[in-house]
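> Sequence plus the predicted model coming up.
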Amino acid sequence: MRKRRDSILNLFTSALIYATMMVGGIYLYIFVEPQSMINPFPPPRIPARAVLATETPLPTPTFVPTVAPTSTLMVPTPIVVPAEPTDEPTATIVVESVALYDYILQEGSIGYTTQFAYPELKCDWLGIAGTVFDEKGNAAEDLIVNVEGPDGFTMDALIGTKPEFGPAGYEITLANSPINSDMLYEVRLLDTFGNSVSDSYPITTFDDCDRNLIIANFIWKK
């Protein structure tokens with residue numbers, strides 16, 4: 001009877017130890033996993049930590065100073081004060097081109113008439129002719145008459161070679177018929193070295209048989 005009772009006691013003791021160990025294990029598990037479903041009083045859940053977005057710093061604006069347009073300075077126009085008139089008159093020197101040369105055209109030149117040197121040609125000729133007088137009014141010597149015209153035309157004549165126009169007569173053919181031209185020809189007098197001894201004078205020609213001979217006489221400038 002006593003052994004039986006001891007056996008029951010030992011069984012109860014063992015059961016108590018196992019129960020204690022089981023309870024202790026449960027407590028240990030709940031301690032490790034407090035949110036376990038076997039925990040009758042689970043602690044409140046801690047909400048997940050909110051991760052705040054990192055604010056990206058904006059680039060610092062660079063302020064470029066605006067330069068106002070520079071206004072154009074108005075420079076005052078200097079006032080020119082006219083000089084006071086003086087009582088002494090200012091001499092004006094007028095230099096005439098003819099003053100540079102020894103010869104000028106005779107008064108009445110340039111003239112026009114019908115050519116008479118070539119009767120057989122009649123109107124089929126156009127030219128210029130005349131004579132030259134020196135400082136004493138006599139026939140000049142050793143001078144050349146030069147005529148220049150359109151399209152590179154140039155012709156020389158030694159004075160004294162056409163006595164029908166005077167002792168120092170000359171003649172230059174311009175064309176084989178009368179033509180109209182407005183001062184396209186020029187006549188001048190040269191020395192034997194080709195230097196001008198007179199100014200150049202423009203010549204107008206006409207398509208007219210009564211004006212196909214142009215007369216141009218030169219005289220010594222007084």
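Looks like it came in fine.
> report the longest strand in this protein, please.
Across the chain, the longest stretch assigned as strand under DSSP state E is strand 181-191.
> would you put the C-alpha positions of that one in CSV?
Extracted C-alpha coordinates of strand 181-191, given in CSV (Å, rounded to 0.1, in the frame of the first residue of the first chain):
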residue,chain,number,x,y,z
SER,A,181,29.8,114.5,-132.6
ASP,A,182,29.5,116.5,-129.5
MET,A,183,32.9,117.6,-128.4
LEU,A,184,34.4,114.2,-128.9
TYR,A,185,37.5,115.6,-130.6
GLU,A,186,40.2,117.9,-129.0
VAL,A,187,42.9,120.0,-130.7
ARG,A,188,46.1,121.4,-129.1
LEU,A,189,49.5,122.7,-130.1
LEU,A,190,52.7,120.8,-129.2
ASP,A,191,56.4,121.6,-129.5
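> Show residues contacting it.
101, 103, 128, 132, 142-150, 153, 156, 174, 196-205, 216, 218 (Cβ atoms under 8 Å, 6 or more residues apart in numbering). To be clear about C-beta, it is placed using only N, CA and C from the backbone, and glycine gets the same treatment.
> Please indicate which of those residues are buried?
101, 103, 128, 132, 143-147, 149, 174, 197-199, 201, 203, 205, 216, 218 (16 or more other Cβ atoms under 10 Å).
> Tell me which of these fall in strands.
Using DSSP E, 103, 128, 143-147, 174, 201, 203, 205, 218 are the members of the buried ones among the contacts of strand 181-191 that sit in strands.
> and those residues as TSV, adding pLDDT and distance to Lys162?
Output for those, formatted as TSV (pLDDT from 0 to 100; distance: Cβ to Cβ, whole Å):
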residue	pLDDT	distance to Lys162
Tyr103	97	18
Ile128	97	11
Leu143	97	13
Ile144	97	13
Val145	97	10
Asn146	98	15
Val147	97	14
Leu174	96	15
Tyr201	97	19
Ile203	95	18
Thr205	96	19
Phe218	97	14
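> Tell me which two of those sit farthest apart.
Across these, the longest distance by Cβ to Cβ is 23.5 Å; it joins Leu143 and Thr205.
> For Asp210, which three-state class applies?
Secondary structure for Asp210, judged by DSSP: H, G, I helix; E, B strand; the rest coil, is helix.
> what do you get for Pro178?
coil.
> confidence score at it?
What the model reports as pLDDT for Pro178 is 96.
> Count residues in the vicinity of the nearest residue to Phe116 once chain neighbours are set aside, would you?
Counting by Cβ to Cβ, 6 or more residues apart in numbering, the nearest residue to Phe116 once its immediate chain neighbours are dropped is Leu213, at 7.3 Å. Leu213: 23 surrounding residues under other Cβ atoms under 10 Å.
> doesn't Ala129 make contact with Leu213?
Yes: judged on Cβ atoms under 8 Å, Leu213 makes contact with Ala129 at a distance of 6.4 Å.
> where do the helices sit along the protein?
Taking DSSP state H as the criterion, the chain carries its helices at 2-32.
> what's the domain layout of the protein?
Domain assignment for the chain, taken from automatic domain parsing, gives 1-42, 98-220.
> Out of those, which is the most enclosed?
Among these, domain 98-220 has the highest mean neighbour count (mean count of other Cβ atoms under 10 Å), at a mean of 16.
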